[in-house]
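kindly return the folded structure for what I paste below:
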Amino acid sequence: ILAEAAEKLPVTRTGAAPSKPVAPPWNPHGISRACSQTVVVDNSKVGLIIGKGGQTHKGIQDLSGAHVKIPSEADADNQSQRTITITGPTDEAVAAAASEIARRLAAIDRAVPMSPRAIAPAD
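Take a look at the predicted model:
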C-alpha cells in the first residue's frame, strides 16, 4: 500500500538542475562487483598506450567507459613488462578497452621499420 501511495505522490525538485548531463557512477544499482581484466604489455610499448600528455590513455577510457590503470613502473618480477588493469561497469566496457589497447599495439607491430640502408641514396 505504501509503495502505491509513493508512486502517486508528485515529485518535487529542490535546487537547480545540473548544467550538463552527469555520467552515472559505476555500479549505479549497488552491484558490488566491477568487471576487470589485466593486459600484459611490453614495457617499451607502454608509451603508445599512454600517448602524448596521456591523451591516448584518456581516449581509451572515454571510448570504452572503463578505467585503465597503467602502473608507473615495470612489473617487479619482470622488468620488461607492465601489467595494465582494466576495470569497468560491464564486461563490454572492459573488452572495448582491452580491444583498443590490442589494436594500437598491433598497428605498431605491423609497421615495418626501415633500415638506414633502405633510405640512404644509392651511389
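
for the longest helix along the chain, which residues meet the burial criterion?
Criterion DSSP state H: the longest helix present in the chain is helix 91-110. Of all the residues in helix 91-110, those buried under the rule 16 or more other CB atoms under 10 Å are Ala93, Val94, Ala95, Ala96, Ala97, Ala98, Glu100, Ile101, Arg104, Leu105. C-beta coordinates here come from the backbone N, C-alpha and C atoms, glycine included.

for the chain, what spans make up the strands?
Assigned by DSSP state E, the chain shows strands spanning 35-42, 67-69, 81-88.

kindly present those as JSON lines, with separate columns for mean neighbour count, distance to Lys58 and mean pLDDT.
Converted to JSON lines, the strands of the chain look like this (neighbours: other CB atoms under 10 Å; distance: least, CB to CB, whole Å; pLDDT from 0 to 100):
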{"stretch": "strand 35-42", "mean neighbour count": "15", "distance to Lys58": "17", "mean pLDDT": "93"}
{"stretch": "strand 67-69", "mean neighbour count": "18", "distance to Lys58": "9", "mean pLDDT": "96"}
{"stretch": "strand 81-88", "mean neighbour count": "19", "distance to Lys58": "14", "mean pLDDT": "95"}
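
who wins for proximity to Gly59 among the ones you listed?
Across the strands of the chain, Gly59 has its closest neighbour in strand 67-69 (10.1 Å, CB to CB).

before we move on, the earlier item: dump the strands of the chain into TSV; add distance to Lys52 as well.
Putting those into TSV (distance: least, CB to CB, whole Å) gives the following:
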stretch	distance to Lys52
strand 35-42	17
strand 67-69	16
strand 81-88	18
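
quick check: which of those is nearest to Gly53?
Shortest distance between Gly53 and the strands of the chain, using CB to CB, is found for strand 67-69: 15.4 Å.

among the strands of the chain, which is nearest Gln55?
It's strand 67-69; of the strands of the chain, that one is closest to Gln55 (CB to CB) at 12.9 Å.

what lines up beside that closest one in the sheet?
Using DSSP bridges, the strands paired with strand 67-69 are strand 81-88 (antiparallel).

residues in contact with the strand it pairs with?
If you take CB atoms under 8 Å, 6 or more residues apart in numbering as the criterion, strand 81-88 is touched by 26, 34-43, 46, 49, 64-71, 73-75, 94, 97-98, 101.
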